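Enquirer: missing the sequence, but the structure's below:
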């Protein structure tokens, strides 16, 4: 698989988003572990999770623990695998989402995530979502402290605008390595942040790169040009969408969610799909009109 870079780490061009394996509609654990093992077999070396990827109030960190078990039980070499997690976004267990960006909370949340992942230091830790009740600088100060203390190896942010990217990078002393924002053929409002990451040389990690759990299967139906290109290449429209995102910039690393082996195996093949300039231009024009 093509290789891309997050900070000092080289990873595959396609990552795995673990969220679908732990929230509503989660599969049984054996299928989830088979999915993670299939991703590793396919060359995936970047897995994204969060402490908030869980279903009930009493299983916070479910996805972190699941991924840790799957990686430990994998029969091959996992030394190159970078596991990223996030803190500061919470699910009380009723399906809603809240934020907690207090520095003391983030520091404890990161240490709890490290314990669940079974690591001395988290490979990549990301501030999940700004908390409107806490100054952004205070939250990022906690991420800086975690870096300085060696609790985390690399630092990123999620759901951030351009001003927050610049502020985070300044507070972190130029050590911001990634921005994880929503981006897909149907959701392009983060294009300005993607372009800013290109200018800074920071990895841009599109979450829901196929439109989200409920819409991923509809890429071809909702965007006929993606289906047309897929038919021309004999591949899925999901592969085309991911290949289009990869072609936007060398800092882009999509993290499609998956809950079955076939899904991530199909997604990974997007890294080897070459689209023509005309196809890329047409897809971009369609996405701009979405």
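Expert: Received, thanks. Fair warning: this is a prediction, and the values are worked out from it, not measured in the lab.

Enquirer: Contacts only, for residue 254.
Expert: 14, 15, 205, 206, 209, 242, 245, 246, 267, 270 (Cβ atoms under 8 Å, 6 or more residues apart in numbering). Where you see a C-beta, it was placed from the backbone N, CA and C, and this is true even at glycine.

Enquirer: Quick check: of those residues, which lies closest to residue 70?
Expert: residue 15 (14.6 Å; Cβ to Cβ).

Enquirer: re earlier: so which of the contacts of residue 254 are in helices?
Expert: 242, 245, 246, 267 (DSSP state H).

Enquirer: Chain neighbours aside, what residue packs nearest to the last one?
Expert: By the measure of Cβ to Cβ, 6 or more residues apart in numbering, the closest residue to residue 267 outside its immediate chain neighbours is residue 256, 4.6 Å from it.

Enquirer: Do I have it right that that neighbour meets residue 19?
Expert: No. Using Cβ atoms under 8 Å, residue 256 makes no contact with residue 19, being 10.3 Å away.

Enquirer: tally of neighbours for the residue nearest to residue 267?
Expert: Neighbour count of residue 256, defined by other Cβ atoms under 10 Å: 27.

Enquirer: ok, now the one 4 residues further on?
Expert: Burial measure for residue 260: 15 neighbouring residues, criterion other Cβ under 10 Å.

Enquirer: still on that earlier bit, now tabulate the ones in helices among the contacts of residue 254 in CSV and tack on pLDDT, distance to residue 144 and neighbour count.
Expert: Listed next are those as CSV, based on pLDDT from 0 to 100; distance: Cβ to Cβ, whole Å; neighbours: other Cβ atoms under 10 Å:
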residue, pLDDT, distance to residue 144, neighbour count
242, 98, 33, 28
245, 97, 30, 26
246, 98, 31, 22
267, 97, 34, 29
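
Enquirer: Residue 118 versus residue 67, what's the distance?
Expert: Residue 67 sits at a distance of 10 Å from residue 118 (criterion: Cβ to Cβ, to the nearest Å).

Enquirer: Neighbour count: the two, which is higher?
Expert: Counted by other Cβ under 10 Å, residue 67 and residue 118 do not tie: residue 67 has more neighbours, with 26 against 13.

Enquirer: Could you list every helix and strand in contact with the helix or strand harbouring the more buried one?
Expert: Using DSSP states H and E, residue 67 falls within helix 62-73. Packed against helix 62-73 by the contact rule (3 or more Cβ pairs under 8 Å, 6 or more residues apart in numbering; DSSP states H and E) you find helix 29-41, strand 82-87, helix 103-117.

Enquirer: Contacts for the helix or strand following the last one next, please.
Expert: Spelled out, it's helix 103-117. Where DSSP H and E defines the elements, the next helix or strand beyond helix 103-117 is strand 122-127. Under the criterion Cβ under 8 Å, 6+ apart, residues 6-7, 9, 82-88, 101, 106, 110, 113-114, 139-140, 143, 146, 151-158, 168, 177-178, 180 lie in contact with strand 122-127.

Enquirer: Strand 122-127 pairs with which strands?
Expert: Strand 122-127 pairs in its sheet with strand 82-87 (parallel), strand 152-158 (parallel), by DSSP bridges.

Enquirer: Buried ones in stretch 213-221, by neighbour count?
Expert: Buried residues in stretch 213-221, defined by neighbour count with 16 or more other Cβ atoms under 10 Å: 213, 215, 216, 219, 220.

Enquirer: again with stretch 91-106
Expert: Buried, per 16+ other Cβ under 10 Å, within stretch 91-106: 91, 99, 100, 101, 102, 103, 105, 106.

Enquirer: and that stretch, how far from the chain's centre?
Expert: 19 Å (Cα atoms, centre = their mean, to the nearest Å).

Enquirer: Endpoint to endpoint, that stretch covers what distance?
Expert: Start-to-end span of stretch 91-106 (Cα to Cα, to the nearest Å) is 15 Å.

Enquirer: List of residues touching it?
Expert: 23-24, 52, 54-58, 87-90, 109, 127-134, 136, 138-139, 141-143, 145-146.

Enquirer: so where's the stretch 101-250 of the chain shaky on pLDDT?
Expert: Filtered on pLDDT under 70, the stretch 101-250 of the chain yields no residues whatsoever.

Enquirer: Strands along that one, start to end?
Expert: 122-127, 152-158, 176-180, 203-204 (DSSP state E, counting those that start in this stretch).

Enquirer: Fine by me, we can end here.
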